[in-house]
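How does the following fold in three dimensions:
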Amino acid sequence: MNLLRYLCGEVEAVQAFQSNAVRNYPVDETTVVIVKFASGALGTMNITDTVVAPWSWEHTTGENPDYPHTDQICYQIGGTHGSLSVPRLELWTNVAGWNRSGSSGMLQPMRILSDFKYGSSVGLSGARKNRWFRDTRV
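As a prediction, the model looks like this:
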């Protein structure tokens, strides 16, 4: 949610529903969220641990050896100027028709975000100063 707030601005409204209908545990197993940002952007999130699917962070990144690695994506960030798939880091734009730019141009900004997440000295202030973050709109 912090990354979405960084990209889209502050949250204006949230609508969410949760369910524990599969296992009936006292905690939610599935949650859906609709977010309206003050910027006018809208976001959706679907979170569940009851669906059999290859789209979890653990499956798609291969970071956890307990989960088989899959060649899938787990996050999609889309906007009027482009869309990004994670963890493949494919950037799609609409320059003279749909065009997949590939991952090479996204590596530096994603490294900055990764450094911020894991506590590098670059951090968010470095990300904000980076030209890609100033000039790129998704």
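
Count the residues that sit near the closest residue to H69 other than its chain neighbours.
With CB to CB, 6 or more residues apart in numbering as the criterion, H69 has its nearest non-adjacent residue at 3.7 Å, and that residue is G62. The C-beta positions use only the backbone N, C-alpha and C, and glycine is treated the same way. G62 has 13 neighbours, counted by other CB atoms under 10 Å.

got it, and the one 4 residues further on?
Other residues within reach of D66, judged by other CB under 10 Å, total 5.

wait, what's in contact with it?
Counting by CB atoms under 8 Å, 6 or more residues apart in numbering, D66 touches E58.

What separation do you get for it and E58?
To E58, D66 is 7 Å away according to CB to CB, to the nearest Å.

what's the answer for L3, then?
18 Å.

low-scoring pLDDT stretches of this structure, where are they?
Scanning the chain for pLDDT under 70 picks out 95-138.

Secondary structure element for E12, which one?
Per DSSP states H and E, E12 falls inside strand 11-19.

Alpha carbons of that strand, as PDB, please.
The C-alpha trace of strand 11-19 is given here as PDB (Å, rounded to 0.1, in the frame of the first residue of the first chain):
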ATOM      1  CA  VAL A  11      -6.000   7.600  -0.200                       C
ATOM      2  CA  GLU A  12      -9.400   9.300  -0.400                       C
ATOM      3  CA  ALA A  13     -11.700   6.300   0.100                       C
ATOM      4  CA  VAL A  14     -11.600   2.500   0.600                       C
ATOM      5  CA  GLN A  15     -14.200  -0.200   0.200                       C
ATOM      6  CA  ALA A  16     -13.200  -3.700   1.300                       C
ATOM      7  CA  PHE A  17     -14.800  -7.100   1.900                       C
ATOM      8  CA  GLN A  18     -13.300 -10.100   3.500                       C
ATOM      9  CA  SER A  19     -14.400 -13.800   3.800                       C
END
